[in-house]
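>>> Just a sequence and a predicted model for now, questions to come.
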Amino acid sequence: NKREYLYYESQDVIASRVTIHENVTSAFAAEAHACLEAVRLGLEMKEHRISVEGDLISVIRKCRDKSEICSIILDLKNIQKEFKSIKFQHVHRTDIIATESLKQRSGTK
């Protein structure tokens with residue numbers, strides 16, 4: 001269960017979606033799924049330039065060791081071709097937690 005955020009060039013959140021994936025075997029796989037879902041959301045919205053934030057360093061490292069998330073990464077690479085610009089940014093988990101906490105306090109989702 002991961003929340004994906006989609007950002008436009010202005011760094012404003014333009015969309016957010018929660019997707020539940022059953023039988024996800026690791027946090028790395030969950031993060032890869034979240035990233036893939038954010039990219040798919042950008043396609044659905046017909047956006048051509050997006051920025052996806054998350055703890056992506058772990059996803060890239062796991063892909064290097066031929067783990068189960070490699071197929072998810074391949075899907076991401078194939079979908080990337082549909083965008084004029086796509087940026088993946090590493091955000092420390094503490095930053096994500098702090099942002100979520102502030103949003104909950106202000107009543108925004």
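Cool, the structure landed.
>>> CA atoms for contacts and neighbours, from now on please.
Will do.
>>> Run through the neighbouring helices and strands of the top helix by length along the chain.
Ranked by residue count and defined by DSSP state H, the top helix of the chain is helix 27-44. Packing partners of helix 27-44 (3 or more Cα pairs under 8 Å, 6 or more residues apart in numbering; DSSP states H and E): strand 2-7, strand 13-19, strand 49-54, helix 56-64, helix 70-80.
>>> Sheet partners, orientation included, of the second one?
So that's strand 13-19. Strand 13-19 has the following sheet partners, assigned by DSSP bridges: strand 2-7 (antiparallel).
>>> Tell me the pLDDT of residue 68.
Model confidence at residue 68, given as pLDDT, is 67.
>>> Please read the previous query as pertaining to residue 61.
Turning to residue 61, the model gives it a pLDDT of 63.
>>> Worst mean pLDDT among the helices and strands packed on helix 27-44?
Least confident of the helices and strands packed on helix 27-44, judged by mean pLDDT, is strand 2-7 with a mean of 53.
>>> What residues sit buried inside the longest helix of the chain?
By neighbour count on 16 or more other Cα atoms under 10 Å, the buried set for helix 27-44 is 28-39, 41-43.
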